[in-house]
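Enquirer: quick one, what's the 3D model for this:
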Amino acid sequence: MEDIKVVYRKYGGTLHWNHPGTVLDEDEHGVWVAVPAGTFTRKGNEGPSHTWPTDSVILFPRSAWWTATFNSPPSRVEVYIDITTVPEWHDTEVTMIDLDLDVIRMRDGRLYLDDEDEFAEHQLTLGYPPEIIVKAEETAQWLLQAVDRGLAPFAGTHTRWLTPGAPSSPPPHRLP
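Expert: Below you'll find the predicted structure:
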């Protein structure tokens with residue numbers, strides 16, 4: 001298992017959410033990274049911070065425009081999918097541009113698209129190019145269908161790391 005830094009940026013390069021994680025495995029879906037309960041995360045360099053409340057596993061696909069965070073109970077959010085540019089790996093850091101839209105499945109089964117207002121605002125204020133807008137919208141619609149239909153990797157692939165006794169909980173990480 002390798003420790004890495006997870007770095008989300010906004011369009012234009014501004015640092016967004018960032019935190020450490022530990023690579024668990026890589027399979028046909030992408031790279032799986034553990035973020036145990038108690039891990040420290042921060043928005044930007046000096047923005048709000050908090051600690052991860054539950055064990056989570058993040059999937060970073062190799063060629064798709066999203067990242068998916070699978071949360072263990074008691075989190076009410078079962079899976080939180082950020083629409084992003086394709087994650088890029090540089091040594092022990094994975095970086096992507098957060099494009100605002102989020103597909104969220106609650107543990108009670110509700111499924112919805114979030115932050116459409118932020119996406120619309122940032123199209124103007126951050127100057128998203130038309131091709132980025134189209135790709136983000138297409139990705140969000142595909143994800144809504146894939147999650148709703150229970151397609152892999154949204155059909156329980158993550159549970160091998162989020163079940164009791166599974167190797168998903170290395171000690172919490174702290175950013176320097």
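Enquirer: switch to C-alpha atoms for all contacts and neighbour counts from now on
Expert: Noted.
Enquirer: contact partners for residue 72?
Expert: Contact partners of residue 72, counting by Cα atoms under 8 Å, 6 or more residues apart in numbering, are 54, 55, 56, 78, 162.
Enquirer: wasn't the fourth one part of a helix?
Expert: No - counting by DSSP: H, G, I helix; E, B strand; the rest coil, one finds residue 78 to be strand, located in no helix.
Enquirer: right, and it touches residue 68 too?
Expert: No - proximity of residue 78 to residue 68 does not meet the contact threshold set by Cα atoms under 8 Å, at 10.2 Å.
Enquirer: where does the prediction get shaky in the chain?
Expert: 163-176 (pLDDT under 70).
Enquirer: next up, the contacts around the nearest residue to residue 76 once chain neighbours are set aside.
Expert: Residue nearest to residue 76 in three dimensions, not counting chain neighbours: residue 107, with 5.3 Å by Cα to Cα, 6 or more residues apart in numbering. The contact partners of residue 107, by Cα under 8 Å, 6+ apart, come to 75, 76, 77, 78.
Enquirer: and with 6 Å instead?
Expert: Listed by Cα atoms under 6 Å, 6 or more residues apart in numbering, the contact partners of residue 107 are 76, 77, 78.
Enquirer: helices along this structure, start to end?
Expert: Secondary structure of the chain (DSSP state H): helices at 116-125, 130-149.
Enquirer: could I get these as a markdown table with mean neighbour count and distance to residue 47?
Expert: Converted to a markdown table, these look like this (neighbours: other Cα atoms under 10 Å; distance: least, Cα to Cα, whole Å):
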| stretch | mean neighbour count | distance to residue 47 |
| --- | --- | --- |
| helix 116-125 | 14 | 18 |
| helix 130-149 | 15 | 26 |
